[in-house]
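>>> What would the 3D arrangement of this be:
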Amino acid sequence: MLSSTSRPLLVVKAGADLTPAGWLRLFAELAPEVDAVWLDESPSDPSRVAYAFAWAPPLGRLAQFPNLRLIVGDAVGVGHLLRDETLPAVPIVRMGGAELGHRMGEYVCLACLALLRELPRSLANRQAQLWEEFTPDRTACDTRVGILGLGRLGTRAAQMLRGLGFAVAGWSTARKALDGVQSFAGADELPALLRRSDLLVNLLPETPQTRWLLNRETLALLPDGAGVVNVGRGNHLVLPDLIAAIDAGKLCGAVLDVFEPEPLPKNHPAWSHEKLIVTAHGAAYLPARGRARAVAEAIRADLRGAVPDNLYDPAVGY
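So this is what the prediction gives:
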C-alpha cells in the first residue's frame, strides 16, 4: 500500500444521511488506496486531490484541484455537477452498480404488481373502512409491460419483471438484444411501444428529447385501462395530463416516485388522489455504504488503468 504522503486524496461532500466523520470512516474502510477528506476543509496539498465524490459541490470548488482525475456524483443524474461552468474536464461517474439496479428492479416490480392487483383501490377502501371483495381481471402472464429506457436499470427491471411472468418490451434510442424482451428503438417506434403497454414504466434519463415526453398525446396512445410507473425524472411527465387521463377513465392509475418540483407541495392533488401511489424519490436510493462501495470501485478501476462503469457521456446527455 502507498504511504500516507503518496496516496492520492479523495475529497467528499456527500448526502446528509451520514455525518462527514461517518463518510470518512466508511472510505477509510472501503477505499484504503486513498486518503479521504471532507470537501469543506481545505486540503494542505491541493495537488494531491485526484478524486471527488460530491453532491452539488460549491461552484468553482472542484476547479481548485489541478490534478483531479475523476468525479463520482452522488446521484444517478449529473445535473447537480454540470451546473458548475468551471467544472474540470475530467470523467464523471454516475452513481450505479449492481445493488442500485436490483433496488430499482424491486421497486418497479412492486409498482407493477400494485397496479395489477389494484392496490390503490384497496388503500382507498381502507381509508373509508369499506370491506369490498374484488378480483383483478388479469395476472402478470396476461399483462404487457413497456419500459422506456433499457440502460442498466431498465435491463435489470426487465429481467425481474420477466421472472414474474410479465410480457416485457422496451424502448431506447438504439435497438437492444435482451433475452425475452421485445426491443423498440427510435422516435418512430415509440407509438408502437406505447400501444402495447398495459403498464408503462419510465426509466429514461433526462435529456432535451425526453423532457415532458409523457403528455396528453403520448398517454392517449396507451391501451384503455393502462397504468403508469414513473421512476425516471419528474420532468418526463406532465402530471396534470396524467391525472386528467385517470379521471377520464383512460388510465387505471399510477405509481410515482419523481416529481417536478421536489418535494411535492403539500397541497398538490397527487397526494390525495385515490388512484395514485406517491413515494418520495427513493425507488433505488442506495444507503451510504452502498454508495461508498460504488465510489471505491470506480477509484480502483481508475488506479489500475481501466474505465470505470457508469461513465457520463456528454454526447448523449447521460
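>>> Low-confidence ranges, the stretch 1-150 of the chain, go.
Counting by pLDDT under 70, the stretch 1-150 of the chain contains low-confidence ranges at 1-5.
>>> now the helices for it?
Ranges of helices in the stretch 1-150 of the chain, per DSSP state H, counting those that start in this stretch, are 20-30, 79-82, 98-116, 119-128.
>>> got CSV for those helices, with distance to residue 229 and mean neighbour count too?
Bear in mind the C-beta positions are built from the backbone N, C-alpha and C, glycine included. Below are these laid out as CSV (distance: least, Cβ to Cβ, whole Å; neighbours: other Cβ atoms under 10 Å):
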stretch, distance to residue 229, mean neighbour count
helix 20-30, 32, 16
helix 79-82, 22, 16
helix 98-116, 4, 20
helix 119-128, 12, 14
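>>> right, so of these, which gets closest to residue 136?
Residue 136 lies closest to helix 98-116 among those, at 6.2 Å (Cβ to Cβ).
>>> still on that earlier bit, would you reformat the helices of the stretch 1-150 of the chain as CSV and include distance to residue 266?
Formatted as CSV, those follow (distance: least, Cβ to Cβ, whole Å):
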stretch, distance to residue 266
helix 20-30, 31
helix 79-82, 24
helix 98-116, 23
helix 119-128, 18
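>>> Looking at those, which is nearest to residue 252?
Distance to residue 252, taken as Cβ to Cβ, is lowest for helix 98-116 among the helices of the stretch 1-150 of the chain, at 6.5 Å.
>>> Count the neighbours of residue 282 for me.
Using other Cβ atoms under 10 Å, residue 282 has 11 other residues around it.
>>> For it, which three-state class applies?
Following DSSP: H, G, I helix; E, B strand; the rest coil, residue 282 is assigned to coil.
>>> hang on, the earlier thing: wait, which of the helices of the stretch 1-150 of the chain is closest to residue 149?
Closest to residue 149 of the helices of the stretch 1-150 of the chain, according to Cβ to Cβ: helix 98-116, at 10.7 Å.
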